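In: Predicted model follows, preceded by the sequence.
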Amino acid sequence: MVDRTNAVQPQSSPPSPPWKAKLKHWRARVAKKLPKSLLTYLLFCVFGIGSWIAINGIWAEISILVLTLPECEKLPSILVVVIQLANVGPLTYSVVKYLTRRCHIKQLHLEVVSVNVLVAVGTTASIFLAVFWSDTAKIFGSVHSVAVLVLTFFLALVDCTSTLVFLPFLQHFPAEYISGLYIGEGLSGVLASIVALSQGFVSNDINCTKEYPGYRTLGINFSPNVYFIFLAIMMLVCGAAFLLIITLPSVRRHMITSQAYKRVDEDSGSVTSVNSNSSSHSQEGDSDCQETEQKAEEGNPELQGDSSVSPLLEPEERICRVSVTSSQKSFSICDGNPSGPETRTLRSMLTILRSNLTILLCLAVVNFLTNGALSAISSYTFLPYGNSVYHIGINLGLLATPLAALFYAFLPSKSRTITAVLTAVSCVLGVYVLVVALLSPHPPLRDNVLGKIIIVVVYIAISAVVSYTKVDIVTQLHSQEDRDSALFLAGIVVQLGSLLGAVLFFFLVNSANIFHYY
């Protein structure tokens, strides 16, 4: 027998330090918050850059344009109205989307075509702006920068319409990629700001005059021509990212479909139920769906050999939906629009509006502030403190936007109470900016460094809070059962809030004359 009494007992490993356990716990929490596909997330970031790169680029350059174009300090208030006039784009898209629903055209097809058209128009307008930005003409006896105003309209047409195209496109992907799109939207401001800041600062001795001296007298490093070429390049990069999203198999496999329908695997000819909680229901659905498809093809020769099913989706991701009427044996097979007929969509939008009225009002308010009111009076807010403060304040505000969206990715709230509180904070900060503009040209602490720091910090805070609030609201709407209608409604609210703020402050600046630069 083997004597085991004197056998060497294995020594137990010493306990790991507490900081290692905390580090492991922290890594696990971070891993849960990271998206499943980093490549898909990064592509959505790049894709989101194109959503507002043109208009963010215009605002990043506004301190240079104000000093070099004949509209002078009134240019921002005119531009916000021009930008909001471009809402004819979203209106047109809404009509087209309604008609495509009635014609049973796949919504994914419409979104893909729309994105490509927007990228083409945005790139072309940016190139023209680089060539003709300084051209002026007399209108009603006054000299105006016609090229900038007209081409800004087309750039705004692209960006305003992108709100109604890019957000609904996200319904085909999990909610975790929403922050990626908003980070990309914010990055458009970051990139535009970095390039604008690299132009250098204009001396505070140069004032906005009707002679509009031109950029050569400002002492900046490169002209706006180069800057607008950069915008055109970024639009092309956005288009390339979108093509990768819809063509790369590693990205397409993350696309999702409505949980209320079934998906057809054409290769195997079988149908699998999305709802895994009921296997018996799945088997019944499989046979029913296959049988109905056969009946539909036998009774409707037009459906035989139909190749209209979206090639952008994997075969197993295509939706099989059967609609049978008792009076007419009409069938709608493999319809790519899970939101249903237009009547059900309108009813769904009204339901979403009633149940989410509070956060939709918050969305309208924050866009009223940032896209309308504060942008229109930015020259009266900053110029009394100096040209360099104007340049720094606007561009740092644009830099804060993506940082706030990124912060939401790691610390989301999804609380309507917090959404309301953040909206209230934005309003309080906005009132301070408005008071400073009303007191122009002698705002508080005008000749003090502290006054300059305060106005810049307040503007950065507004940009950050509004960005976080937007992502929070859109994420809550994305969780609705009908994501397409909810996000489409969010896009409408964004444009309505922006339009109201732009029109109101255009008249306050140009007609009421309550703001003064000199």
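Out: Thanks, I have it. Residues are numbered from 1 along each chain as shown.
In: Which parts of the protein are strands?
Out: Along the chain, the stretches classed as strands by DSSP state E are 137-139, 142-144, 262-265, 270-272, 318-320.
In: in terms of contact, does Arg446 touch Leu383 like I think?
Out: No - look at Arg446 against Leu383 with C-beta atoms under 8 Å: they stay out of range, at 10.7 Å. Quick note: C-beta positions are derived from backbone N, CA and C, even for glycine.
In: Which residue of those two possesses the greater neighbour count?
Out: The residue with more neighbours, out of Arg446 and Leu383, is Leu383; 24 against 16, by other C-beta atoms under 10 Å.
In: for the more buried one, what are its contacts?
Out: Applying C-beta atoms under 8 Å, 6 or more residues apart in numbering to Leu383 gives the contacts Val66, Glu73, Cys208, Tyr390, Ser440, Tyr517.
In: For ChimeraX, what selects the buried ones among the residues you listed?
Out: The buried residues among the contacts of Leu383 can be selected in ChimeraX (16 or more other C-beta atoms under 10 Å) with this line:
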select :66,73,208,390,440
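In: now, which of the contacts of Leu383 lie within helices?
Out: Counting by DSSP state H, the contacts of Leu383 place Val66, Tyr390 in helices.
In: okay if I get the contacts of Leu383 as TSV plus distance to Ala404?
Out: TSV is the format used below for the contacts of Leu383 (distance: C-beta to C-beta, whole Å):
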residue	distance to Ala404
Val66	26
Glu73	29
Cys208	31
Tyr390	22
Ser440	28
Tyr517	31
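In: Out of the contacts of Leu383, which is nearest to Leu231?
Out: Set against Leu231, the nearest of the contacts of Leu383 by C-beta to C-beta is Val66 (18.2 Å).
In: give the contact list for the closest one.
Out: Cys72, Glu73, Leu75, Pro76, Cys208, Ser379, Leu383, Tyr390.
In: I'd like these as a markdown table, with pLDDT and distance to Ser348 appended.
Out: Formatted as a markdown table, the contacts of Val66 follow (pLDDT from 0 to 100; distance: C-beta to C-beta, whole Å):
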| residue | pLDDT | distance to Ser348 |
| --- | --- | --- |
| Cys72 | 82 | 48 |
| Glu73 | 84 | 46 |
| Leu75 | 90 | 42 |
| Pro76 | 91 | 38 |
| Cys208 | 67 | 50 |
| Ser379 | 88 | 43 |
| Leu383 | 87 | 47 |
| Tyr390 | 89 | 45 |
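In: Kindly indicate which of the residues you listed lies nearest Thr152.
Out: Closest approach to Thr152 among the contacts of Val66 (C-beta to C-beta): Leu75, at 10.2 Å.
In: give me the number of residues near that closest one?
Out: Residues near Leu75, counting by other C-beta under 10 Å, number 23.
In: Do I have it right that it meets Leu69?
Out: Yes - using C-beta under 8 Å, Leu75 is in contact with Leu69, at 5.9 Å.
In: Against Gly184, how distant is Thr123?
Out: Remark: distance between Thr123 and Gly184 (C-beta to C-beta, to the nearest Å) = 17 Å.
In: These two: which is more packed in?
Out: Neighbour count, other C-beta under 10 Å: between Thr123 and Gly184, Gly184 has more, with 28 against 21.
In: which residues touch that one?
Out: The contact partners of Gly184, by C-beta under 8 Å, 6+ apart, come to Phe44, Cys45, Val46, Phe47, Gly48, Ile49, Gly50, Ser51, Pro402.
In: at 7 Å what do you get?
Out: Residues in contact with Gly184, defined by C-beta atoms under 7 Å, 6 or more residues apart in numbering, are Phe44, Cys45, Val46, Phe47, Gly48, Ile49.
In: wait, what's in contact with Leu151?
Out: With C-beta under 7 Å, 6+ apart, Leu151 has these contacts: Ala125, Phe128, Leu129.
In: what about Thr92, how many neighbours?
Out: 12.
In: For the residue nearest to it when sequence neighbours are not counted, give its distance to Leu118.
Out: Leaving aside its chain neighbours, Thr92 sits nearest to Thr161 (7.9 Å; criterion: C-beta to C-beta, 6 or more residues apart in numbering). Distance from Thr161 to Leu118, counting by C-beta to C-beta: 6 Å.
In: related to what we said a few turns ago, for the contacts of Val66, could you give me a markdown table that also reports distance to Lys106?
Out: Below are those laid out as a markdown table (distance: C-beta to C-beta, whole Å):
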| residue | distance to Lys106 |
| --- | --- |
| Cys72 | 49 |
| Glu73 | 48 |
| Leu75 | 43 |
| Pro76 | 41 |
| Cys208 | 51 |
| Ser379 | 46 |
| Leu383 | 50 |
| Tyr390 | 47 |
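In: among the residues you listed, which two are most distant?
Out: Distance extremes for the contacts of Val66: the farthest pair is Cys72 and Tyr390 at 13.0 Å, using C-beta to C-beta.
In: that older thread, from the contacts of Gly184, which two are the most distant?
Out: Phe44 and Ile49 (10.0 Å).
In: what about the residue nearest to Thr92, how many neighbours?
Out: Counted by other C-beta under 10 Å, the residues lying close to Thr161 total 27.
In: Report the contact partners of it.
Out: Gly89, Pro90, Tyr93, Leu118.
In: same deal with Leu496?
Out: Applying C-beta under 7 Å, 6+ apart, we find Leu496 in contact with Ala364.
In: again with Ser77
Out: Ala376, Phe505, Phe506, Val509, Asn510.
In: Most neighbours among these, please name it.
Out: Ranked by neighbours (other C-beta under 10 Å), the contacts of Ser77 are led by Ala376, which has 28 neighbours.
In: per-residue confidence for it?
Out: Listed pLDDT for Ala376 reads 89.
In: Just give the closest residue to Ile392, not the sequence neighbours.
Out: Val456 (6.2 Å).
In: Kindly provide the distance from the one you found to Ser388.
Out: Taken as C-beta to C-beta, the span from Val456 to Ser388 is 10 Å.
In: quick one, which of the two is more surrounded?
Out: Val456 (19 against 16).
In: Now do the contacts for the more buried one.
Out: Val389, Ile392, Gly393, Leu396.
In: pretty sure Ser463 is touching Ala400, no?
Out: Yes - counting by C-beta atoms under 7 Å, Ser463 touches Ala400, with 4.4 Å between them.
In: okay, those two: which has more neighbours?
Out: Ranked by neighbour count (other C-beta under 10 Å), Ser463 and Ala400 place Ser463 first, with 27 against 24.
In: give the contact list for the more buried one.
Out: Gly397, Ala400, Thr401.
In: Just give the closest residue to the last one, not the sequence neighbours.
Out: Leaving out its chain neighbours, the residue that sits closest to Thr401 by C-beta to C-beta, 6+ apart is Gly186, at 3.8 Å.
In: residue contacts, that neighbour?
Out: Gly186 makes contacts with Thr401, Pro402, Ala405, Ser467, as judged by C-beta under 7 Å, 6+ apart.
In: Between those residues, which sits nearest Val190?
Out: Looking at the contacts of Gly186 and their distance to Val190, the nearest is Pro402, at 5.5 Å (C-beta to C-beta).
In: how close does the spatially closest residue to that closest one that is not a sequence neighbour sit to Val95?
Out: Distance criterion C-beta to C-beta, 6+ apart; nearest residue to Pro402, sequence neighbours excluded, is Gly186 at 2.6 Å. Here Gly186 is placed at a distance of 30 Å from Val95 (C-beta to C-beta).
In: Kindly report the same for Thr381.
Out: From Thr381 across to Val95, the span is 38 Å (C-beta to C-beta).
In: ditto for Asp135
Out: 33 Å.
In: Counting neighbours, what do you get for Val431?
Out: By the other C-beta under 10 Å criterion, the neighbourhood of Val431 contains 11 residues.
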